[in-house]
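>>> I'll drop the sequence and a predicted model, then ask my questions.
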Amino acid sequence: MTSRVMRDFDLLLPESVAEVVDLLTRHKNNAAILAGGTDLLIALKFDYAVDNVISLALVPGLAELTFDPEKGLVIGARVTIADILKSPEVRENYPALWQAAKVFATPQLRNTATVLGNVLRASPAGDCSLALLALGGSVLLKNSRGEREVDIDNFWISYGVTARQDDELAMAFKIPPPAAGQKSAFRRMTRTTEDLSKISAAVSLQMGGGTCQTARVAMGCVGPTLVRLPGVEKILEGAEISPEVLQEIVAATAAEINPIDDKRSSAEYRLKVAGVLVKRVIGQALDNGGNN
Ligand SMILES: Cc1cc2nc3c(=O)[nH]c(=O)nc-3n(C[C@H](O)[C@H](O)[C@H](O)COP(=O)(O)OP(=O)(O)OC[C@H]3O[C@@H](n4cnc5c(N)ncnc54)[C@H](O)[C@@H]3O)c2cc1C
């Protein structure tokens with residue numbers, strides 16, 4: 001049975017990463033990390049039952065968003081969607097992420113919700129998560145035994161389930177530096193402007209002399225997790241992106257996805273529009289480096 005009444009829990013307010021890790025070690029699967037709370041507090045009103053909620057609000061060192069042309073971008077666990085939008089470095093170097101942040105929910109939500117929370121929620125409708133999948137990178141996890149990095153390609157296991165262990169804190173998301181000629185873009189469709197995506201696509205293309213050298217193409221809301229489209233990437237790599245290549249991609253996309261009917265859309269609609277959405281997001285990336 002579900003209830004809209006918030007369940008009772010202990011709100012824990014650690015003041016250091018070491019304290020967070022210690023609490024996670026102690027409480028394991030009877031604890032949840034609270035970042036912005038825009039997903040967690042809703043889940044706690046339904047069937048997500050934990051007795052301990054560990055807030056990151058007082059933990060220093062997690063709110064940093066740092067860009068280094070040699071090392072890339074590091075997004076700390078308390079970096080919000082609004083922080084992404086305010087960053088000229090993100091806008092310039094990782095347009096797909098900036099564009100995902102731009103259309104994300106409402107100003108109130110953007111000021112509260114974090115990028116890492118979006119990744120840890122493991123929803124196929126996660127907008128910033130989709131941009132990160134296209135851009136590539138890794139999640140930095142820490143527990144009492146040390147740190148490890150999990151490539152984003154291996155991070156989402158199934159709907160709502162990630163490679164994170166119960167005793168691990170996600171410290172940051174790391175994106176490699178942009179390659180020469182890298183262009184990226186994000187695009188989504190919603191029922192209303194402030195709704196979750198009903199279908200979404202993001203790309204990162206490394207272009208050289210009019211030819212696509214490497215491609216990462218990702219889609220949201222077409223399966224239980226966000227997915228890459230290896231067949232479409234193969235068509236792009238080594239090709240000049242002509243109208244004929246784009247038409248081939250439109251046809252190839254539907255074969256790579258497995259959408260379902262849900263309250264936001266139908267499988268039939270998603271299958272019909274997916275290829276066109278991928279074609280358009282590629283065009284968006286190429287038009288202006290995706291920087292709009
Ligand atoms: C009205 C509304 C509109 C929304 N619109 C959008 C939208 O347009 N696009 C979109 O993608 N999403 C949307 N969402 C979903 C939500 O806002 C995002 O997924 C958001 O990024 C979650 O971040 P958060 O900081 O609030 O996470 P939280 O709710 O704090 O956490 C989410 C999950 O991640 C875990 N977690 C968070 N941080 C860590 C960490 N550092 N280490 C380990 N575990 C962690 C939590 O325990 C929890 O399980 C919307 C939600 C609402 C309520």
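Here it is on my side, so go on. Residues are numbered from 1 along each chain as shown.

>>> only C-alpha atoms for contact and neighbour calcs from this point on.
OK.

>>> tell me the buried residues in the longest strand along the chain?
Scanning the chain for the longest strand, with DSSP state E as the assignment, gives strand 197-208. Residues of strand 197-208 classed as buried under the neighbour-count rule (16 or more other Cα atoms under 10 Å) are Ser197, Lys198, Ile199, Ser200, Ala201, Ala202, Val203, Ser204, Leu205, Gln206, Met207.

>>> what mean pLDDT does the helix or strand just after that strand have?
Note on strand 197-208: by DSSP states H and E, the next helix or strand toward the C-terminus is strand 211-220. Averaged across strand 211-220, pLDDT comes to 98.

>>> strand 211-220 close to the ligand?
No. Strand 211-220 lies out of reach of the ligand by Cα under 6 Å from any ligand atom, never closer than 9.9 Å.

>>> ok, then the element right after that strand?
Heading C-terminal from strand 211-220 (DSSP H and E), you reach strand 227-228.

>>> other SSEs contacting that following strand?
strand 211-220 (3 or more Cα pairs under 8 Å, 6 or more residues apart in numbering; DSSP states H and E).

>>> distance from the chain centre to stretch 254-262, please.
19 Å (Cα atoms, centre = their mean, to the nearest Å).

>>> okay, buried residues for that stretch please.
Result for stretch 254-262 [16+ other Cα under 10 Å]: buried residues Ala254, Glu256, Ile257, Pro259, Ile260.

>>> check whether the longest strand of the chain contacts the ligand.
No. Judged by Cα under 6 Å from any ligand atom, strand 197-208 makes no contact with the ligand; its nearest approach is 6.7 Å.

>>> cool, and stretch 26-38?
Yes. Interface with the ligand: stretch 26-38 contributes Ala32, Ile33, Leu34, Ala35, Gly36, Gly37, Thr38 (Cα under 6 Å from any ligand atom).

>>> also stretch 8-20?
No. Using Cα under 6 Å from any ligand atom, we find that stretch 8-20 stays clear of the ligand, coming within 9.8 Å at best.

>>> narrow the residues of stretch 26-38 next to the ligand to those in strands?
Judged by DSSP E, the subset of the residues of stretch 26-38 next to the ligand located in strands is Ala32, Ile33, Leu34.

>>> Lys142 contacts Asp166, correct?
No. Here Lys142 does not reach Asp166: they are 10.7 Å apart, not a contact under Cα atoms under 8 Å.

>>> who's more crowded, the two?
Lys142 (22 against 15; other Cα atoms under 10 Å).

>>> who in the stretch 101-250 of the chain is up against the ligand?
So far as Cα under 6 Å from any ligand atom goes, the stretch 101-250 of the chain lies against the ligand at 104-105, 113-118, 120-121, 125-128, 169-171, 195-196.

>>> just the buried ones out of the residues you listed, please.
Among those, those classed as buried by neighbour count (16+ other Cα under 10 Å) are 104-105, 113-118, 120-121, 125-128, 169-171, 196.

>>> packing partners for the biggest helix by length in the chain?
Across the chain, the longest stretch assigned as helix under DSSP state H is helix 267-288. With contacts taken as 3+ Cα pairs under 8 Å, 6+ apart, helix 267-288 sits against strand 182-190, strand 197-208, helix 243-253.

>>> please parse the protein into its domains.
Here the domain parsing of the chain from automatic domain parsing is 10-55, 65-175, 182-286.

>>> touching, Ala170 and Ser138? I think so.
No. Ala170 lies out of contact with Ser138 (Cα under 8 Å); the separation is 10.5 Å.

>>> which residue ranges of the stretch 1-150 of the chain form strands?
10-12, 31-34, 52-55, 65-68, 72-76, 138-143, 146-151 (DSSP state E, counting those that start in this stretch).

>>> mind giving me CSV with these and columns for mean pLDDT?
As requested, the strands of the stretch 1-150 of the chain are arranged in CSV below (pLDDT from 0 to 100):
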stretch, mean pLDDT
strand 10-12, 98
strand 31-34, 98
strand 52-55, 98
strand 65-68, 98
strand 72-76, 98
strand 138-143, 98
strand 146-151, 98
